[in-house]
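A.B. asks: okay, structure incoming, though there's no sequence with it:
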């Protein structure tokens, strides 16, 4: 890959986390793709930035944040490998995306050139529609989790989501986000999340393995709130 502007490199680092049938479609964008490695705390874009690119996370993890009525930052979604973000039709971004995992690789694609590439290419169009649909579905599900009255029930919803999106082959979770981000995401305090975790441990539904690793022992118990 040759150097590009502001540290971005030409090329997309491949499409390892994309289903094989759609990977071929994404190759159509390879000529306009740019990639870059980011470290935790770095924002890919922020509120008010122009929406000139669509983004896909190749590896690592990120969080999407909005600004609440009181000016506080509120996490509305987490981004994992294979996820697209920034698929806005507006002129300016309404959310910020910040890296939370070391050595995260982001691929970006010029929005206007994506629009041109979509014409007459059904597989690529389906990928974009599916990405938007998945993001909307996650948001709707998250809103339902926030309606749960107890911290333990909200944490259960979070663990079920992470088991689907951030687990290894054995179903164990390797969470890239700190406890304070989980609390923010669930509209809880750090103490409430800690107490809920310990309660699920006491109920023998999970086991804390240390360093943000969790083993799910009873997935049915966590899913009982669904």
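C.D. replies: Looks like it came in fine. Treat the numbers as computed from the prediction; the structure is a model and nothing was measured.
A.B. asks: so which residue is smack in the middle of the chain?
C.D. replies: What sits nearest the mean C-alpha location of the chain, by C-alpha atoms, centre = their mean, is residue 79, with 1.2 Å.
A.B. asks: so how far is residue 170 from it?
C.D. replies: Distance, residue 79 to residue 170, using C-beta to C-beta, to the nearest Å: 23 Å. All C-beta atoms are positioned from the backbone trio N, CA, C, and that covers glycine.
A.B. asks: can you name the next helix or strand after the longest helix seen in the chain?
C.D. replies: In the chain, taking DSSP state H as the definition, the longest helix is helix 122-146. Counting by DSSP states H and E, the element after helix 122-146 in chain order, helix or strand, is helix 151-165.
A.B. asks: name the helix or strand of the protein that has the lowest mean pLDDT.
C.D. replies: One helix or strand of the chain scores below all others by mean pLDDT, DSSP states H and E: helix 20-26, with a mean of 58.
A.B. asks: C-terminal to that helix, what's the next element?
C.D. replies: For helix 20-26, the following helix or strand on the C-terminal side (DSSP H and E) is strand 34-38.
A.B. asks: sheet partners, orientation included, of that following strand?
C.D. replies: Counting by DSSP bridges, the strands paired with strand 34-38 are strand 9-10 (antiparallel), strand 104-110 (antiparallel).
A.B. asks: per-residue pLDDT, the closest residue to residue 105 other than its chain neighbours?
C.D. replies: Nearest-residue entry for residue 105: residue 58, 4.1 Å, with adjacent residues in sequence omitted and distances by C-beta to C-beta, 6 or more residues apart in numbering. In this model, residue 58 is scored at 91, pLDDT.
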